[in-house]
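Asker: Quick one: sequence plus predicted model below, questions after.
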Amino acid sequence: MQAYRLQPQKRLGQNFLCDRNTRDRIIRAANLTHEDPVLEIGGGLGTLTGALAALAAQVTTVEIDRHLEPVLRTTTARLPNVTLVFADFLRLDLPALLDTAFGDRPGVVVASIPYYITTPIVERLLQQKARLRQIVLLVQKEFAQRAVASAGSEARGALSLFVQYHTHAEIAGFVPRTVFLPAPEVDSAILVLTPVVPGTVPVRNEERLFHVIRAAFGQRRKTLLNALIRAPASFGLGIGMEDRARALRILAHARIDGNRRGETLSLEEFARLADAFEEVAGE
């Protein structure tokens, strides 16, 4: 950083990883083979890039900060299997990027990403999950704990169920804030997501499943019954305050007590509830 007169950009949430042990833990979690194509989001100073290139068939690194281009080009100059893309990942045509980065093979995503854009990045990636063998993310500890939170946990929310429907999620380890420059205000975790197609539980209507989940957590302190009948019309559930009896019928059909709260339900129970909307509508 001194050599290139670089300063971390606070507006981009830059905290550069500067610990070999943590880098190696991330690489081990990715479980790469020499046939794997890799997409790296956030090249930074190239801390991960070189290590990925040593193990993978091809590495495509996306970096938003053009100020980092000189150092990234220098650190990857002798790595013929690295391609640098200087762009905002959230604005890229992701299917086209994956066509170039992966070809017709499933690939691996490895990223140390700014905390403030973790959710939209995960959402974008999971839209293309059929093309991904694995996703390894260095994220805020709290985000990782929410992603793996089980039923009944205070950390459980709509994000938990979204991630757990689309992937098998696990935390490969925690990372102290002291391994970054500058040090962030929170600790991090290595989150490993293994995509599952179509999803980890069977459900008739995936869109309806997530509408039900959003309704259940949109008014977290309410019982499931009240959360469903008070859900905004935009959720598309088709029930309201005047449809209490119908809501009770749907809950009974799903064999779920309407006095429970959303965070106590398993993903399988939410899938049953989503299916019950379809089944009761057909009665």
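Answerer: Perfect, thanks for sending it.
Asker: and the helix or strand that contains residue 189, what does it pack onto?
Answerer: Following DSSP states H and E, one finds residue 189 within strand 188-195. Strand 188-195 sits against helix 20-30, helix 118-127, strand 132-140, helix 141-148, helix 158-166, strand 167-175, with contacts defined as 3 or more CB pairs under 8 Å, 6 or more residues apart in numbering; DSSP states H and E. Any C-beta I mention is one placed from the backbone N, CA and C, and that applies to glycine too.
Asker: For residue 82, which of the ones you listed is the nearest?
Answerer: helix 20-30 (14.9 Å; CB to CB).
Asker: Can you give the distance of the helix or strand following the strand holding residue 189 from its chain's centre?
Answerer: Per DSSP H and E, the first helix or strand lying C-terminal to strand 188-195 is helix 206-218. Its chain's average C-alpha position is 17 Å from that of helix 206-218, according to CA atoms, centre = their mean, to the nearest Å.
Asker: Outside of the longest helix seen in the chain itself, list whatever touches it.
Answerer: In the chain, assigned by DSSP state H, the helix with the most residues is helix 267-281. Helix 267-281 is contacted from outside by 161, 164-165, 200-205, 208-209, 211-213, 216, 237-238, 246, 249-251, 253-256, 265, using CB atoms under 8 Å, 6 or more residues apart in numbering.
Asker: Contacts only, for the residue most central in space within the chain.
Answerer: In the chain, the C-alpha closest to the average C-alpha coordinate belongs to residue 122, at a distance of 3.0 Å (CA atoms, centre = their mean). Residue 122 sits next to 135, 137, 163, 193 when contact means CB under 8 Å, 6+ apart.
Asker: And for the last one, the neighbour number?
Answerer: Around residue 193 sit 24 other residues, with neighbours defined as other CB atoms under 10 Å.
Asker: And the one 10 residues further on, by the same measure?
Answerer: When neighbours are counted by other CB under 10 Å, residue 203 registers 23.
Asker: Pull up the per-residue confidence for it.
Answerer: The model reports residue 203 with a pLDDT of 97.
Asker: Ramachandran coordinates for residue 201?
Answerer: Taking degrees, to the nearest 10, you get phi -130, psi 150 for the backbone angles of residue 201.
Asker: Which of the contacts of helix 267-281 are buried? Put it as a PyMOL command.
Answerer: Under the burial definition 16 or more other CB atoms under 10 Å, those of the contacts of helix 267-281 that qualify are selected in PyMOL by:
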select buried, resi 161+164+165+200+201+203+208+209+211+212+213+216+237+246+250+251+253+254+256+265
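Asker: ok so, going back, could you dump the contacts of residue 122 to CSV with pLDDT and distance to residue 56?
Answerer: Compiled in CSV, the contacts of residue 122 are given as follows (pLDDT from 0 to 100; distance: CB to CB, whole Å):
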residue, pLDDT, distance to residue 56
135, 98, 14
137, 98, 17
163, 98, 24
193, 98, 18
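Asker: Switch those residues over to JSON lines; also include distance to residue 27.
Answerer: Shown next, in JSON lines, are the contacts of residue 122 (distance: CB to CB, whole Å):
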{"residue": "135", "distance to residue 27": "14"}
{"residue": "137", "distance to residue 27": "13"}
{"residue": "163", "distance to residue 27": "22"}
{"residue": "193", "distance to residue 27": "16"}
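Asker: thinking again about what came up before, tell me the spacing between the residue nearest to the centre of the chain and residue 221.
Answerer: The gap separating residue 122 from residue 221 is 26 Å, by CB to CB, to the nearest Å.
Asker: Tell me which residues of stretch 227-235 come out buried.
Answerer: For stretch 227-235, by 16+ other CB under 10 Å, it's 227-229, 231, 235.
Asker: related to what we said a few turns ago, could you dump the helices and strands packed on strand 188-195 to a markdown table with distance to residue 38?
Answerer: Shown next, in a markdown table, are those (distance: least, CB to CB, whole Å):
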| stretch | distance to residue 38 |
| --- | --- |
| helix 20-30 | 8 |
| helix 118-127 | 13 |
| strand 132-140 | 10 |
| helix 141-148 | 21 |
| helix 158-166 | 20 |
| strand 167-175 | 17 |
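Asker: how about those, which one is nearest residue 260?
Answerer: That would be helix 158-166 among those, by CB to CB, at 14.8 Å.
Asker: So which other helices or strands are in contact with that closest one?
Answerer: helix 118-127, helix 141-148, strand 188-195, helix 206-218, helix 267-281.
Asker: Done for today, thanks.
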